[in-house]
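A.B. asks: Sequence and computational prediction follow.
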Amino acid sequence: MRIGILDVNIKNKNPGQCWVCKQAIETGKLHSVVVMRYGKGQQAVFKLRAASGQAMTKKSGLKYRRLHLVDCLAKWLIALHHYRTEARRGRNGRPKGSGQLPQMSDEDRLVRRRLVRRRASTLRLVIKEEDDQRLVTLVERLKSLGEQMSVDVIEDMAHRDSKNIRLLNQQIRRVKEITDGEQTTAS
Ligand SMILES: [Zn+2]
């Protein structure tokens with residue numbers, strides 16, 4: 001889980017405040033600053049604030065946490081990780097009925113999620129496989145997994161980049177050549 005950019009810093013002019021324990025971070029003391037919003041995210045917020053006259057400096061829109069190195073940084077990371085994982089679990093994917101998929105029972109949803117994951121990992125293997133026989137087996141598994149899914153996954157192709165789609169098609173063509181070749185030899 002990516003939290004942000006980790007800096008170590010020393011405040012020279014004014015003391016700071018620790019995000020976790022709320023105690024002072026004294027001047028001259030090494031402490032950590034974790035920048036959580038930067039780059040494009042920061043620019044977007046900066047533009048919004050600038051438009052409403054709230055951007056005081058170029059740094060407006062940056063989001064960061066100043067923390068004591070000892071104890072507080074570790075506590076904060078653990079808490080944040082826990083919070084984000086729980087939030088993800090709590091959401092349990094998209095709200096019911098909001099996606100491209102029809103309403104499903106919890107059990108169907110679970111089964112489907114497993115199939116989707118298994119198919120994704122099989123796809124990755126197919127793309128990398130160099131051995132003919134194993135490639136044939138993998139592509140067969142891929143077909144069978146596809147058949148087990150009552151609803152086709154539309155978004156899953158959309159998330160794959162064009163290079164991988166090309167590689168995948170190449171591999172499937174290769175399997176077709178291999179199996180066609182076998183049939184010709186057999187007859
Ligand atoms: Zn602290």
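C.D. replies: Good, I have the coordinates.

A.B. asks: Okay, now the sheet partners of the longest strand seen in the chain, with direction.
C.D. replies: When the chain is parsed with DSSP state E, its longest strand is strand 30-37. With DSSP bridges as the test, strand 30-37 is paired with strand 5-10 (antiparallel), strand 63-67 (antiparallel).

A.B. asks: just these: most buried one?
C.D. replies: strand 63-67 (a mean of 18; mean count of other CB atoms under 10 Å). Any C-beta I mention is one placed from the backbone N, CA and C, and that applies to glycine too.

A.B. asks: starting at the chain centroid, how far to it?
C.D. replies: 23 Å (CA atoms, centre = their mean, to the nearest Å).

A.B. asks: pull the CA atoms of that strand into PDB?
C.D. replies: Presented in PDB, the C-alpha positions along strand 63-67 are these (Å, rounded to 0.1, in the frame of the first residue of the first chain):
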ATOM      1  CA  LYS A  63      -1.300  17.100   1.900                       C
ATOM      2  CA  TYR A  64       1.300  16.000   4.400                       C
ATOM      3  CA  ARG A  65       1.700  14.700   7.900                       C
ATOM      4  CA  ARG A  66       4.400  15.700  10.300                       C
ATOM      5  CA  LEU A  67       5.300  13.000  12.700                       C
END
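
A.B. asks: and it, average pLDDT?
C.D. replies: What strand 63-67 shows for mean pLDDT is 95.

A.B. asks: Could you list the buried residues of the helix or strand hosting residue 126?
C.D. replies: Assigned by DSSP states H and E, residue 126 belongs to helix 106-128. Across helix 106-128, burial judged by 16 or more other CB atoms under 10 Å covers 112, 115, 119, 122, 123, 125, 126, 127.

A.B. asks: Distance to residue 32 and pLDDT added to those residues, as TSV?
C.D. replies: Compiled in TSV, the buried residues of helix 106-128 are given as follows (distance: CB to CB, whole Å; pLDDT from 0 to 100):
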residue	distance to residue 32	pLDDT
112	42	79
115	43	84
119	41	85
122	42	87
123	40	86
125	40	88
126	43	87
127	40	85
